[in-house]
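Asker: The following block contains a protein sequence and its predicted model.
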Amino acid sequence: MTKVAVSKMFNHSKIQISDETNYLKVFQHTDVGMITLRLDLENQVLKRKLRHALGISMPSVRQIEATTDALLAWMSPDELLYFCMKSEVVNRLNLVKETMTSYHSLSLDVSDARVVFSLEGGKVREVIAKLAPIDTAINSLELGEIRRTRLSQVTAAIWLTEENRATIICFRSVEKYLRDLLLISCKKGSEVGVC
Amino acid sequence: MLIFECPYCGVLADETDLAAGGEAHLKRFGPGSSDDEFEAYLFNRENPKGVHFERWRHINGCGKWFNAARCTVTMEVFGTYPAQTLEPPTEIMNNISVKRPGWKWKEFS
Amino acid sequence: MKKYSAFAVAREALRDHLGWERAWCSPEPQKKYNVIIIGAGGHGLATAYYLGKNYGITNVAILEKGWLGGGNTGRNTTIIRSNYLQDPSAAIYEKARSLYENLSQDLNYNIMFSPRGVMMLAQTQHEIRGYERTAHANALQGVSTEFISPQKVKKLCPIINIDGPRYPVLGALWQPRGGTARHDAVAWGYARACSDMGMHIIQQCEVTGVNTIDGKVVGVETTKGAIACKKIGIVVAGHSGVLADMAGFRLPIESVALQALVSEPIKPCMDVVVMANTVHGYMSQSDKGEMVIGGGADGYNNYSQRGSFHHVEETVRALVETFPIISRLKMLRWWGGIVDMTGDRSPIISKTPVKNIFINCGWGTGGFKAIPGSGWAMAELIAKGEPGPLAEDFRVTRFREGQFIDESVAAGVAH
Amino acid sequence: MSRRFSNKGRLIQADKPIKFHFNGVQFTGYQGDTLASALLANGKLLLGRSFKYHRPRGVVSSGPEEPNFLVNLGKDNFFEPNQRGTMTNIFEGLTATSQNHFPSLEFDFGEINSWLARFLPAGFYYKMFIHPRPFWKYIYEPLIRMSAGLGQAPKEKDGSTYEHFHAFYDVVVVGGGIAGLQTALVAGRSGIKVLLIEQHASWGGRAQIDEDEIDDAPVNSWVNKVLEELAAMQNVSLRTRMTGVGVYDHGYFLGYEQLSDHKANKDGPRHRLWKIRSQLIVCCTGAIERPVSFAGNDIPGVLLASAVRDYAINFGVSVGQKTVVITNNDDAYKTAIFLKESGLEVPVILDAREHGGGEAAARARAIGIRVENGKVISRVIGRKRVRGVNVCLSSGEGETIERIGCDTVAMSGGWSPVVHLWSHCGGKLEWNDESSMFCPDKSRPPTNENGESFVETVGAASGNTQFNEIVKEATELGLSIGRKFGGKQIRSDVPKVKQHVEKPVEPLWFTPRRAKRKLRNKTFLDFQNDVKISDVELAAREGFESVEHLKRYTTLGMATDQGKLSNINGLAVLANALDSPISKVGTTTFRPPYTPVSMGSIAGSARDSVFQPVRMSPIHSWHVEHDAVFEPVGFWRRPFCFAKKGETIEQVVNREILQTRSSVGILDASTLGKLIVSGPDAGKFLDLVYTNVMSNLAIGKCRYGLMCSENGFLIDDGVVARIDENTFLCHTTTGGAERIHSHMEEWLQTEWWDLQVFVQNITEQYAQIAVVGPNSRKLLNKLGGTDISKEALGFMEWTDASLGGFQTRIFRISFSGELSFEISVHASVGLDFWNALLDAGSEYGVMPYGTEALHVMRAEKGFIMIGDETDGTIIPQDLNLNWAISKKKNDFIGKRAHERIFMRNPDRWKLVGLETLDGTVLPDGSYAVGAGRNRNGQKHTIGRVTSTYFSPTLNRGIAMGLVENGPDRVGEVIKFEKISGEIVEATIVDPVFYDKSGSKQNV
Ligand SMILES: Cc1cc2nc3c(=O)[nH]c(=O)nc-3n(C[C@H](O)[C@H](O)[C@H](O)COP(=O)(O)OP(=O)(O)OC[C@H]3O[C@@H](n4cnc5c(N)ncnc54)[C@H](O)[C@@H]3O)c2cc1C
Ligand SMILES: NC(=O)c1ccc[n+]([C@@H]2O[C@H](COP(=O)([O-])OP(=O)(O)OC[C@H]3O[C@@H](n4cnc5c(N)ncnc54)[C@H](O)[C@@H]3O)[C@@H](O)[C@H]2O)c1
Ligand SMILES: Cc1cc2nc3c(=O)[nH]c(=O)nc-3n(C[C@H](O)[C@H](O)[C@H](O)COP(=O)(O)O)c2cc1C
Ligand SMILES: [Zn+2]
């Protein structure tokens, strides 16, 4: 298995929303900056330029790349999602725009359009499996792999950069729904015990 | 409960991560076309009992449209491929020929 | 034909019920018939029945590939209502409903039409407006409906949670003489009456080809051999596309699976039919006690009579929210049917490009309620060769003309 | 009388007594007991009433196939009807009541039906209750319905919770008998991912009861050893109390896990529904014993032979003291032998086979049991309890040769493999004459997405009843599975077992073979639904020859056990009546679920706060605190209005409108869709998507646009702003954001994929607030930071600006006809900005308004609303929006559709304004009537109301509507008909009621 870089950025500004009735720790993250990048991911020249500008490797299909203060996720054949501290968004966005300016591309600040949760504990894969129709086993949802799917009734993206810790993003308007859902799904007494 | 491989993400996507989009390889008839052509294009959809080519969108995933070749009786999937093409890949057509000799769908066979 | 009555049952009881005749005959096909109806579902059988009853045409064969009534007629949730929005729909569904009122007597077969009332819940402002519009339209169409208050909803159906936090019930469109009927009995009753008129119902006889000469039909090929005829009525629901293909024309039809389920039987707790369209579910209680539940259709073409699980999940989820007491009931059985969906979700009763072939299809998710009316109109079309007033608007050319009959506009789904 | 053996039974924990209530009486059982075993141990045999005839019934089986012993279980929020007593483990405090009787189980008025049975044959209701017609509704149907149902309907909301779980396996092995354990063990050793499930609380299946040894040890210890090895495997999961309930296309499998039904403590989820994808499903589901059809076979005390044995061995319960065994196979001898060896009486074994049984028969005789070959029961004596049997010749008509006293009958008519899961997804069956079973036809298996077989069967489920063959089949399959799914090469030996030599089963469809009609009238096939042999014969006589017709006519197999006991016997009787082979008659369709599944588990955790997502705007919390009355719009909640104490809704709406029109109001418009369309071809693309031209829109400007479907109908509208050369911002309706985004993606990806365009939905990134009213500019100027004068920011222009320190984008667009600014800010500061506006506007009395005020104000201006003026059947031309349909463009989505004859029809109903003569509000949804009736006798209509409101601004009712040739008939009075038939007259007017010149918005 390839070694996956772990970003420190999700260690800041996290608020625990679970309590002792939950068997996982559930956090909500604030201050996460997010930039959507739309571009032709077949374009190696542009990708190289972006890598230089942002100082982060370009993820291959379904991968997520990390540096200490940023993440870059593959979202679709023509979309990446860049995570950084929220205070950095304006700078980075300008940088990206500048880099991509002569190409057919689009970059937008979407920091407020999404919310970020994370789960910590021994059974994160199990709890995700309660909600998402995907195989969360390690050989299927590998470390450093991002999976876009649904959590019960809303779309979301999920990844683990280290075992026992999953990060989840969903749209802002359904923040409360997903928060309630995550907390219900890891209520003590509902452990499944397999995966 | 169907499952398809998204040709963009490479994952097996559960039906609940997808949206069905009906007949693939539609040829659009716009202004200037005859009533016959327009009616056939918009309403008279292929509805075969057997091999069918259809569109799906990986709606909760990468958001991309892809095509699938599927049997409407057994649900067997002969292959999936990106929607940006005018005809199914030969490989998939050959696969169907092996499994459903004599098949025919619109101008393909 | 021996008449059915309580007296007859009592008489037979004294001789161990040995005297009952066959409900319908199972003859071998003749070489030739005046009219062949393909498909012995409710619509096909009713067409044959009214051909005989209204037009005296009895040299008729009804060909069925499986067992009669085994298509969607035998697997639907039996809701009967006529509170449709558009005039042509209201006309044919109300014709059907009013024929249902006397169908048991007409057929001398108890089809258990149960006009217990159908309500369609309004759970958003938009739905209120849609149903108020329908109620107004119905008044002009001679269909008796009203828009009722949440309190009346609760009174008519005490097990509904009318003030659920998410979708409180804001009212309902109520058709007091809508209801249900015993679906199998409808097929059997018509079959018995057709057989009694001398028509031939030929089961296990699949039509495999349609023979035409000069654009005119002359007969069919079947698994029991070729049969000649002067006219054909194709009434095969989910298989309409397959038959049209044999006859050499195309239809604006796609076949998809629609699912239904029943709970284990419980003592009566619900005396009306409830449809909750915002949350996509509907439910009634059968005379045997099961809760009969229907839900959404798959989005993909399918001929397998099995659907995908998530529709059932969505339906049951919605109904548990609407009727909290059903959470601890158990699902007993769950099945699917292949429904024929047209471009505007309304049916087709029409001439076709082939002379003397007539088509009746596209009833999709909601044609059980239409069986008598559809048979009536289809019989007229076949007998006269031209559509009568009930069928006229349902011609297949409406798609090319752009004159749709769209019922989804009143916030409704068609069941 | 039944009683408990001193050694208690293998599943009983004798040191853990448990108290429970049945029909109000307290009983004691032990940990490990089922409700059935505990009541049997307490001497209770009459446990239920049948559905149709209310006949007294006792338990017949020991498993999920039980048709008779169903109870109402629990109380209040935990009440559940139709719970199988054979599958319910008792716990402290359990309460249950029997079902379907009045006034009591012992004395039930409904039993009158039983005496009238001859008048109530199969399908009697189709032939009766026809005349007189009104009687059906008022007398007959109520009578029929009164007798409907078994258990009571719950009264309360469910107190339990449920959840789902998605899981993926190489192999799911269903059934934890010998076949399942061995298959899972061998497959598991190869390292592939295996799930093994068992519906019962304990492992091992029948072999522990029926067999002697395996690998030279008692079966029990072998089972434990295997379980230990399985439990140690990381790649194998084991679950008990989990039933495989359904197999679906593409390897989808539903598992139903019951977590707390057996516990007094109801914490945690009650059920967990597993949604599994598996490459292979191996059904090791065993077989179910068939009853024997003889008169009186439904009397309490007649049980399946295997059940009698189960109760004795598993629970230490003897059903009776004196048991007659009737069988057509060797297996049932085990029951007799065990009972006899336990010191109970077995007066006789009646073996229907002329030549009797094999080794087992010899053993029985050796311990002194009388065995009679070629003899059967002609009828059972007794009513609420077996008192004896009449014995007759198997081949005869039923003349009694002998009466034998007994209190129990153990019957075995052979076994039926549990092939349900094999069949759910299309696996076919074949009739095996030798074993008299429908077995899986392995040449026609269900197939998955690759067209490959994905269900297997092993053991009794394959129709294999020989122990040695079962272990061999399981081992071989386990090995081949391991290979198939890329497991390690392993060696696993076939366990050594001893196989007794058995004589083959001989079919015994009813006894005696030429039973007289009188006997057949008393012989039950479907116990719950009271279907008798005579009913099946009647159906055949009446032409219900298809087994599916038979089922529906007689209700055979439609009860809660779904014919697990009755189906094969029933169709054999049908085959006999039709004189055709069983193989030709076939079975009815097997459908999920295998055993009933709670609705709660299907809904899963989706209830209360997570029933459905609620989408909230960034300002939602403020709305909640300020008494907003919410309205659902899709999953969004939008404030309908902001109520103050003591106001009616009408008063609130009027206040909000008057304030806005006279001074300033603000609206949370965040839910409106915002799509960025960007790229070199963006203008070209939008020209195809909108009916009007967008490509020539100047940067900094806004334009109202319409979108049609390819079928020509109006699907959405909104204002488009040009951001830069390559970028447009398209506003959609609230419901339109996702829908129109998808619409654009669909066209881009599947039709015009050569266009260089990206579409991004940024709706949620922003809070958008409309500041509306003559004082809106003043209010904004108070915030300061940007010149928003008419000169600097004209009508239909936008700008990026700083306002009161907020980074904003201001659009000068108006949906109310007033001077209006729609301002977007990042969602995270949306609430702050909202508050800033409220602060700054306090001197103008600023107040928020909701969607209703918005609707009224736009109607006053004659602006259309998607969903009100449109309903999916409306083209822009109907709404006089021709000005927004480009004549220049060669193509746009919907253009070709507009050319069709009906769309060009000049008589289409068109948009107009409507004013009642008396100033009242036109009834919503009402139609205008013309003269006469249409060809179907319906009143002729010439128009309808699309929006209708009381306008506080004009102090009268105003409406918009679609009217035949409407625009040409301005000034004409037309008639609208209320539901009551009352007529309301209205004048056709221009739809713009307020500020026709537009002078108010353009300042
Ligand atoms: C789950 C479900 C729920 C529904 N709920 C309702 C409801 O509540 N209310 C309502 O009004 N409607 C409902 N419907 C719709 C209703 O069931 C159908 O519209 C109606 O039964 C159609 O009747 P039919 O006679 O046209 O078709 P069918 O009953 O399907 O009959 C068509 C017959 O044609 C036969 N056939 C096909 N091909 C051939 C061939 N080549 N040769 C010979 N025979 C052939 C078939 O075997 C079949 O028997 C529901 C449908 C389903 C599936
Ligand atoms: N001699 C005979 O006539 C005869 C007949 C039948 C069985 N048998 C004996 O029975 C044994 C058969 O072994 P086997 O392992 O094949 O069957 P089994 O009956 O021992 O085991 C099947 C297991 O599957 C479980 N099961 C069934 N359906 C299920 C579902 N849907 N979900 C979860 N669990 C389910 C059952 O509870 C049972 O424990 C052998 O000992 C055999 O000799 C003998
Ligand atoms: C209104 C209605 C009520 C039903 N009630 C029952 C029932 O009580 N028990 C049962 O087993 N099946 C019931 N069914 C389902 C049928 O058994 C059967 O599944 C359905 O007709 C589809 O046929 P198929 O499963 O053979 O394909 C009912 C079906 C309908 C349409
Ligand atoms: Zn994808």
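Answerer: Perfect, thanks for sending it. Ligands and ions are numbered 1, 2, ... in the order given.
Asker: only C-alpha atoms for contact and neighbour calcs from this point on.
Answerer: Fine.
Asker: Would you point out which residue of chain B is nearest ligand 2?
Answerer: Using Cα to the nearest ligand atom, the closest approach of chain B to ligand 2 is made by B:Met1 at 19.0 Å.
Asker: how would you label that residue: helix, strand or coil?
Answerer: Three-state call for B:Met1 (DSSP: H, G, I helix; E, B strand; the rest coil): coil.
Asker: Check the spacing between it and C:Thr352 real quick.
Answerer: From B:Met1 across to C:Thr352, the span is 36 Å (Cα to Cα, to the nearest Å).
Asker: swap in D:Glu985?
Answerer: 44 Å.
Asker: Likewise for C:Ile37?
Answerer: For C:Ile37 relative to C:Thr352 (Cα to Cα), the value is 15 Å.
Asker: again with B:Phe38
Answerer: Computed with Cα to Cα, the distance linking B:Phe38 and C:Thr352 is 18 Å.
Asker: between these two, who's got more neighbours?
Answerer: B:Phe38 (23 against 18; other Cα atoms under 10 Å in any protein chain shown).
Asker: What is the three-state secondary structure of that one?
Answerer: Following three-state DSSP, B:Phe38 is assigned to helix.
Asker: Neighbours of the nearest residue to it once chain neighbours are set aside, how many?
Answerer: Residue nearest to B:Phe38 in three dimensions, not counting chain neighbours: B:Phe29, with 5.6 Å by Cα to Cα, 6 or more residues apart in numbering or on different chains. Using other Cα under 10 Å, B:Phe29 is surrounded by 17 other residues.
Asker: cool, and D:Lys978?
Answerer: For D:Lys978, using other Cα under 10 Å, the count is 21.
Asker: for A:Ile146, helix, strand, or coil?
Answerer: Quick answer, by three-state DSSP: A:Ile146 is strand.
Asker: what's the helix or strand for the residue nearest to it when sequence neighbours are not counted?
Answerer: Using Cα to Cα, 6+ apart and skipping the chain neighbours, the partner closest in space to A:Ile146 is A:Trp159 (4.6 Å). Assigned by DSSP states H and E, A:Trp159 belongs to strand A:154-162.
Asker: got a list of contacts for stretch D:198-209?
Answerer: Contacts to stretch D:198-209, defined as Cα atoms under 8 Å, 6 or more residues apart in numbering or on different chains, come from residues D:87, D:174-178, D:181, D:219-220, D:223, D:239-244, D:309-310, D:313-314.
Asker: And for the residue of chain B closest to ligand 2, the neighbour number?
Answerer: 21.
Asker: Provide a list of residues in contact with it.
Answerer: Contact analysis of B:Met1 by Cα under 8 Å, 6+ apart lists B:14-15, C:307-310, D:248-250, D:252.
Asker: Which residue lies nearest the spatial centre of chain B?
Answerer: B:Glu54 (2.1 Å; Cα atoms, centre = their mean).
Asker: Which stretches in chain B count as helices?
Answerer: Assigned by DSSP state H, the helices in chain B fall at B:35-42, B:90-99.
Asker: Looking at those, spot the one closest to C:Ile253.
Answerer: Among these, the nearest to C:Ile253 by Cα to Cα is helix B:35-42 (11.3 Å).
Asker: In that closest one, which residues are buried?
Answerer: B:35, B:37-40, B:42 (16 or more other Cα atoms under 10 Å in any protein chain shown).
Asker: got a markdown table for these, with pLDDT too?
Answerer: Putting those into a markdown table (pLDDT from 0 to 100) gives the following:
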| residue | pLDDT |
| --- | --- |
| B:Asp35 | 95 |
| B:Glu37 | 96 |
| B:Phe38 | 97 |
| B:Glu39 | 96 |
| B:Ala40 | 95 |
| B:Leu42 | 96 |
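Asker: which residues touch the residue in chain B that ligand 3 sits nearest to?
Answerer: Residue nearest to ligand 3 within chain B: B:Val73 (14.9 Å; Cα to the nearest ligand atom). Shown in contact with B:Val73 (Cα under 8 Å, 6+ apart): B:49-50, C:302-304.
Asker: Turn these into CSV, columns for neighbour count and distance to D:Leu508.
Answerer: Below are the contacts of B:Val73 laid out as CSV (neighbours: other Cα atoms under 10 Å in any protein chain shown; distance: Cα to Cα, whole Å):
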residue, neighbour count, distance to D:Leu508
B:Lys49, 18, 42
B:Gly50, 19, 43
C:Asn302, 28, 41
C:Tyr303, 25, 38
C:Ser304, 19, 35
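Asker: which pair in those spans the largest distance?
Answerer: So, the contacts of B:Val73 by Cα to Cα: farthest apart are B:Gly50 and C:Ser304, at 10.7 Å.
Asker: which residues do those two both contact?
Answerer: In contact with both B:Gly50 and C:Ser304: B:72-73, using Cα under 8 Å, 6+ apart.
Asker: Check the gap between A:Leu71 and A:Cys84 for me.
Answerer: Distance, A:Leu71 to A:Cys84, using Cα to Cα: 7 Å.
Asker: ugh, typo on my part, it should be D:Val173
Answerer: According to Cα to Cα, D:Val173 and A:Cys84 sit 47 Å apart.
Asker: Same drill for the two, tell me which one is more crowded.
Answerer: Taking other Cα under 10 Å, D:Val173 and A:Cys84 do not tie; D:Val173 has more neighbours (29 against 23).
Asker: List the contacts of the more buried one.
Answerer: D:180, D:183-184, D:194-197, D:281-284.
Asker: thinking again about what came up before, just the pLDDT for the residue of chain B closest to ligand 2.
Answerer: What the model reports as pLDDT for B:Met1 is 94.
Asker: Please apply the same query to the one 3 residues further on.
Answerer: You'll see B:Phe4 listed with a pLDDT of 98.
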